[in-house]
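Novice: let's see this in three dimensions:
(chains A, B, C and D)
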There are 4 protein chains.
Amino acid sequence: MSAARTLLAASAPLWHRIAGHPFVKSAGDGSLDPAAFGRWLVQDYWFVLGYRRFLAGMVTLAPDWRSSDVLTAGLSPLQDELDLFRREAASRGLELGQEPSPTTLGYTSYLLASLHDGYDVGVAVLYGAEKAYYDAWVAVRASADRNSPYWPFIDNWSSDAFAGWVAAVARLLDAAAPSGPSTPMRRAFDRVVRLELRFWDAVYTGESW
Amino acid sequence: MSAARTLLAASAPLWHRIAGHPFVKSAGDGSLDPAAFGRWLVQDYWFVLGYRRFLAGMVTLAPDWRSSDVLTAGLSPLQDELDLFRREAASRGLELGQEPSPTTLGYTSYLLASLHDGYDVGVAVLYGAEKAYYDAWVAVRASADRNSPYWPFIDNWSSDAFAGWVAAVARLLDAAAPSGPSTPMRRAFDRVVRLELRFWDAVYTGESW
Amino acid sequence: MSAARTLLAASAPLWHRIAGHPFVKSAGDGSLDPAAFGRWLVQDYWFVLGYRRFLAGMVTLAPDWRSSDVLTAGLSPLQDELDLFRREAASRGLELGQEPSPTTLGYTSYLLASLHDGYDVGVAVLYGAEKAYYDAWVAVRASADRNSPYWPFIDNWSSDAFAGWVAAVARLLDAAAPSGPSTPMRRAFDRVVRLELRFWDAVYTGESW
Amino acid sequence: MSAARTLLAASAPLWHRIAGHPFVKSAGDGSLDPAAFGRWLVQDYWFVLGYRRFLAGMVTLAPDWRSSDVLTAGLSPLQDELDLFRREAASRGLELGQEPSPTTLGYTSYLLASLHDGYDVGVAVLYGAEKAYYDAWVAVRASADRNSPYWPFIDNWSSDAFAGWVAAVARLLDAAAPSGPSTPMRRAFDRVVRLELRFWDAVYTGESW
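Specialist: The predicted model follows:
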C-alpha cells in the first residue's frame, strides 16, 4: 500500500469526521449561518497566507528538481484563491488581517514549524492539509446549489485542477516513503487531521482568546 | 523607554494574570493537585524541547557574534533543566514523550514558526516566554516551602542565574529595537503572553484533543 | 535616494564590469566559444535551481501579503526558464546535473545561506542577482543577432517581463529600507556583485575542483 | 560498515591530502610563515562563527531529544575556541571581522545552505568538517613543539575532548543512516572534504577577490 493510502487508512476514524463536518455540510446545503461563514472566511484567509509560506518552504527543502517543479506549480493557484478571499471579504464588509484565533494560529504555526522536521514530514503535512480540503468539499459538491454564496469556495476545492494537485502531492509522498511512512510522518499527518477538525470546530462555533 | 519595558507595559493587563495564575500560586503554596503537576511536567518537558529548537534557531539568525555569544550561552542550562524533568517524571512514573495537548503543540509551534519572521521578532518572542516564567516563579518563591515537591522547579526559574539570562535577553531586545518595538514585534510578544496563559490554563484544568 | 539606487551607486565600479564582461559581450555578438557557452549552460542551470530555492525561501520570510504576492509571482517564470535550459542542453548533448564548480556552489550556497540573515538582507541579495542579469543582457540585446544560438537566453533576461520583475524587486527593497540600506544589506549586495563576476569569470575560462 | 566509515573510505584519496596538507604540516613543525598563520586565524575565525550558526541549525533540525542533547553539547566548547581566536588575534594585531575570502565565504555558506537539505545531509556535512580538523591536527600533534605559537590550536583540535565530540557525531551519522549513507549524504560529505582542502590552499597561498 502506498504511503498516502497508508496514512489515510490509519486515520480513517478521524477522516470520516472531516467529510461530514457540520461546517462543510451546511456550507454545501446552504444552511450555514452567515456569521459562521464570515468567521471562516477571515480565519481561512489567514490560513492560506500561512500555508503559502509553508508551501514555499517546501520548495526550499525539495530534494530534487522534479519535486521542486511540482511544489512550485502549487503556488500559482494560491494567488487566485487569495484574491477570491479578498473580494468576498470586501463584498461582505469583513476585515481581513485580524488577529487569528488560537486554533488558527496553532494550525498555521504547526505547518511552518514542521519545515524544521524535514521534507519527508513536510510532505505528509502537506498531503494531510490538502486532502482534507479536497475530500470535504467534494463530498458536498454534488448536492450543492451553484447559486449558493459559498459556491466559489466549494468549486475551488472540489475542482479537477485541485484534484490533480492533491494527486501530485500524493505521488511526492509515495516517492518520499517508498517503503511506507516513517513514525514522524505518521505522527505529523495525524496531527494535521486533528488540527483541521479543530479548525472547523472553531469557525463553526466561534472561538476567542 | 526601552523596547523590553515598552512591551511589558503594553501587555500589563495580561501580565498580571501570569504572576497570579492559579497553577503557579498553588505550586508555590503546595496546594497544587499532583495530577495537575503531572500534566504540567509532561507538557512543559515537550515545551522545553521545542524551546531548545527555537533558541538554537535564534543562534542561527543572530546578526553578530555578540548576540550569538549570549544566545548560545542560554542553551547550556537547558540540559540540566531537561535532566530535572526526566528525573522527576521517572520518580513519579510519568511517561514523557506523549503527544502534546493542542495548546502545547500550538505554543511550541508558534516559537518555531516565528523564526521565519526574523531575528527581531524572534527576540521579542524569546523575551516574552522567558520573562513570563521568571516573573511567575519569582512571585511564589518568597512564600514557597523549600521542602515542596515543586521546589526544584520554583528554584530553577527564580534563580539569580535565570534572572541574569532574562536580563541578557532584554538587552538583546533593546539593542534590536533601539527606537522601540516594531508592530510585528509587539504583536508577537502579545501572542506569547496569551499563549503562555493558555498553556497554564490547559495544564491546570486538563485538555485533550 | 532609494535603497536600490544607493546600493547600485555604491557598487558602481564593480557594476561596470558586469555589463562589459567578456562572456556576456561575446554571447551578444555571437563570438562566444561554444564550449564556454556549454559550461555556462550547465552551471547556470544549477544556479537557477538554487535560486528557485532561495526565492521560495524569501516567500517564507516575506513580512506581509503584499511582498509575498510579488515574490511568489517571481517563481512562475522560472519553470519556463528551466525548461529552456533542459531543451537547450538536450539539443547540445550536455549533461545537466553535474557537480557544480566551486564558484557556482559558493554562489548558490550564499543565496541560500543569506536566508538566515533575514528578509531585508535577502531582498538586497535578490535585487543584486536579478539586476546584474538584467543589466548584462540588456547591454547586448541591441547589437545581438536574433538568429544567434544564444538569443533565447539574451531575450529572456532582457525582456519587458523581466524588466518588470526587477523593478518590482527594487520596490520591495526600497520598502524594506525606507531610510536607506543597512550595513548588512550593503555588505550582502556587494558580495552578490562580486560572486556574479566570479561566476562569469569561471564559466568563461573554465574552472575545476 | 557504518555510515561514517563508508564515507571516509569513499573519500580516501582526498582524505590523505588533508592530513598531509602543507599548511597543517608546517604549523606542526613550526615552519609556517607567520603571515599565512595570520590569514588562517582571520579566515578560520569567520569559519567558526559560520559553523556555530550551522551547528545551532542542526539542533533545530534534530529528530529526537537524544541527538539534540549531543548536538547542543557541541556548542559550548565553541565559546572557548572563539575566545582563543580573539586573544590570539589581538596579541598579533590582526583585525577579525574582515570580509572573508571567496573560498571561506563559499565554505561557510555551504554549511548553512546544507541545512535546507535536511538533518541526514547536515550530519554528514558536520562529520566531514569535524573529522577533517581532528585528523589533520592529530597528525601533527606527536611531532609538534609545545612551545610553538600554534600549540593552543593544535592542542584544541587534537584533544581527547575533541576526539570524543567527533566520535559522538560519527554515532549520530551512523544512527541517521543505518543501512549506509544516501546519495545526497555522500555528495555532501565529498563536497565538504573538497571545500576543506580548498580552504587550506587559500589560507596557505593567500587569496583575494
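
Novice: stretch A:99-110 and chain C, are they touching?
Specialist: No. Against chain C, stretch A:99-110 shows no contacts by Cβ under 8 Å from any Cβ of the partner chain, the least distance being 12.4 Å. In this view, the C-beta of every residue, glycine as well, is placed from N, C-alpha and C.

Novice: repeat that for stretch A:78-98.
Specialist: Yes. Judged by Cβ under 8 Å from any Cβ, stretch A:78-98 comes into contact with chain C through A:L78, A:Q79, A:L82.

Novice: now the helix or strand harbouring the last one: average pLDDT?
Specialist: To tie it back to what came earlier, the one meant is A:L82. Using DSSP states H and E, A:L82 sits within helix A:76-92. Throughout helix A:76-92, pLDDT has a mean value of 96.

Novice: just want the angle from that helix to helix C:76-92.
Specialist: Orientation check (axes from the mean of the first three to the mean of the last three Cα atoms, to 10 degrees): helix A:76-92 against helix C:76-92 gives 160 degrees.

Novice: on contacts alone, who are the packing partners of helix A:76-92?
Specialist: Here helix A:76-92 touches helix A:34-61, helix A:151-157, helix A:160-176, helix C:65-73, going by 3 or more Cβ pairs under 8 Å, 6 or more residues apart in numbering or on different chains; DSSP states H and E.

Novice: what residues does chain A put near chain C?
Specialist: Counting by Cβ under 8 Å from any Cβ, the residues of chain A near chain C are A:49, A:52-54, A:56-57, A:59-60, A:62, A:65, A:68-69, A:72-73, A:75-76, A:78-79, A:82, A:112, A:115.

Novice: now the residues you listed: which count as buried?
Specialist: Applying a neighbour-count criterion of 16 or more other Cβ atoms under 10 Å in any protein chain shown, the buried members of those are A:49, A:52-54, A:56-57, A:59-60, A:62, A:65, A:68-69, A:72-73, A:75, A:78, A:82, A:112, A:115.

Novice: about what we covered before: in the helix holding A:L82, which residues are buried?
Specialist: For helix A:76-92, by 16+ other Cβ under 10 Å, it's A:L78, A:E81, A:L82, A:L84, A:F85, A:E88, A:A89.

Novice: chain neighbours aside, what residue packs nearest to the first one?
Specialist: Nearest non-adjacent residue to A:L78, counting by Cβ to Cβ, 6 or more residues apart in numbering or on different chains: A:R52, 5.1 Å away.

Novice: same check, this time on the fourth one
Specialist: Closest residue to A:L84 in three dimensions, ignoring its sequence neighbours and counting by Cβ to Cβ, 6+ apart: A:P152, at 5.8 Å.

Novice: any idea how far that neighbour is from A:A3?
Specialist: Going from A:P152 to A:A3 by Cβ to Cβ, to the nearest Å gives 33 Å.

Novice: likewise A:V192?
Specialist: With distances taken as Cβ to Cβ, A:V192 is found 14 Å from A:A3.

Novice: on that earlier part again, A:P152 and A:A3: which has the busier surroundings?
Specialist: In this view A:P152 and A:A3 are compared by other Cβ atoms under 10 Å in any protein chain shown, and A:A3 has more residues nearby, 26 against 13.

Novice: please name the residues that touch the residue of chain A positioned farthest from its centre.
Specialist: The outermost residue of chain A relative to its centre, with distances by Cα atoms, centre = their mean, is A:S179 at 25.6 Å. Neighbouring residues of A:S179 by Cβ atoms under 8 Å, 6 or more residues apart in numbering or on different chains: there are none.

Novice: per-residue confidence at it?
Specialist: 95.

Novice: tell me the SS of it?
Specialist: coil (DSSP: H, G, I helix; E, B strand; the rest coil).

Novice: and the residue of chain A nearest chain B?
Specialist: For chain A and chain B, the shortest gap (Cβ to the nearest Cβ) falls at A:G106, measuring 2.6 Å.

Novice: that residue against B:S109, yeah?
Specialist: Yes. The pair A:G106 / B:S109 is scored as a contact, 6.3 Å apart, by Cβ atoms under 8 Å.

Novice: what's the neighbour count on the residue lying closest to A:S114 once chain neighbours are set aside?
Specialist: Leaving aside its chain neighbours, A:S114 sits nearest to A:V125 (4.7 Å; criterion: Cβ to Cβ, 6+ apart). Residues lying near A:V125 (other Cβ under 10 Å) number 24.

Novice: and A:V125, what does it touch?
Specialist: Here A:V125 is in contact with A:F54, A:Y110, A:L111, A:S114, A:A188, A:F189, A:R191, A:V192 (Cβ under 8 Å, 6+ apart).

Novice: most widely separated two among these?
Specialist: A:F54 and A:F189 (14.6 Å; Cβ to Cβ).

Novice: thinking again about what came up before, measure the residue nearest to A:L84 to A:E81 for me?
Specialist: For A:P152, the distance to A:E81 equals 10 Å [Cβ to Cβ].

Novice: shared neighbours of those two, anything?
Specialist: Counting by Cβ under 8 Å, 6+ apart, A:P152 and A:E81 have no contacts in common.

Novice: give me the nearest residue to A:L61, chain neighbours excluded.
Specialist: Sequence neighbours aside, A:Y119 is the residue nearest to A:L61 in space, at 4.3 Å (criterion: Cβ to Cβ, 6+ apart).

Novice: typo on my end, A:A163
Specialist: Leaving aside its sequence neighbours, A:A163 sits nearest to A:Y134 (Cβ to Cβ, 6+ apart; 6.5 Å).

Novice: and the one you found, how many neighbours?
Specialist: With other Cβ under 10 Å as criterion, A:Y134 counts 20.

Novice: for it, give me its contacts.
Specialist: Contact partners of A:Y134, counting by Cβ under 8 Å, 6+ apart, are A:W157, A:S158, A:F162, A:A163, A:V166.

Novice: the third one against A:D155, yeah?
Specialist: Read it as A:F162. No. If you go by Cβ under 8 Å, A:F162 and A:D155 don't touch, sitting 9.3 Å apart.

Novice: more crowded one of these two?
Specialist: Neighbour count, other Cβ under 10 Å: between A:F162 and A:D155, A:F162 has more, with 19 against 15.

Novice: how near is that one to chain D?
Specialist: According to Cβ to the nearest Cβ, to the nearest Å, A:F162 stands 28 Å off from chain D.

Novice: in what helix or strand does the closest residue to that residue other than its chain neighbours lie?
Specialist: Among residues not flanking A:F162 along the chain, A:Y134 sits closest, at 5.9 Å (Cβ to Cβ, 6+ apart). Using DSSP H and E, A:Y134 sits in helix A:119-141.

Novice: and that helix with helix D:119-141, angle?
Specialist: Interaxial angle, helix A:119-141 versus helix D:119-141 (the same axes, to 10 degrees): 170 degrees.

Novice: so helix A:119-141 versus helix A:65-73, what angle?
Specialist: Using the same axes, to 10 degrees: helix A:119-141 against helix A:65-73 is 40 degrees.

Novice: so how far is helix A:119-141 off the chain centroid?
Specialist: Computed by Cα atoms, centre = their mean, to the nearest Å, the chain-centroid distance of helix A:119-141 equals 5 Å.

Novice: list the buried residues for it?
Specialist: In terms of neighbour count (16+ other Cβ under 10 Å), helix A:119-141 has its buried residues at A:119-140.

Novice: before we move on, what about stretch A:18-36?
Specialist: Result for stretch A:18-36 [16+ other Cβ under 10 Å]: buried residues A:I18, A:A19, A:H21, A:F23, A:V24, A:K25, A:S26, A:A27, A:G28, A:L32, A:A36.

Novice: how about the closest residue to A:E207 other than its chain neighbours, what does it touch?
Specialist: Closest residue to A:E207 apart from its sequence neighbours, by Cβ to Cβ, 6+ apart: A:S101 at 4.5 Å. For A:S101, the contact set (Cβ under 8 Å, 6+ apart) comprises A:Q43, A:A202, A:V203, A:E207, A:S208, A:W209.
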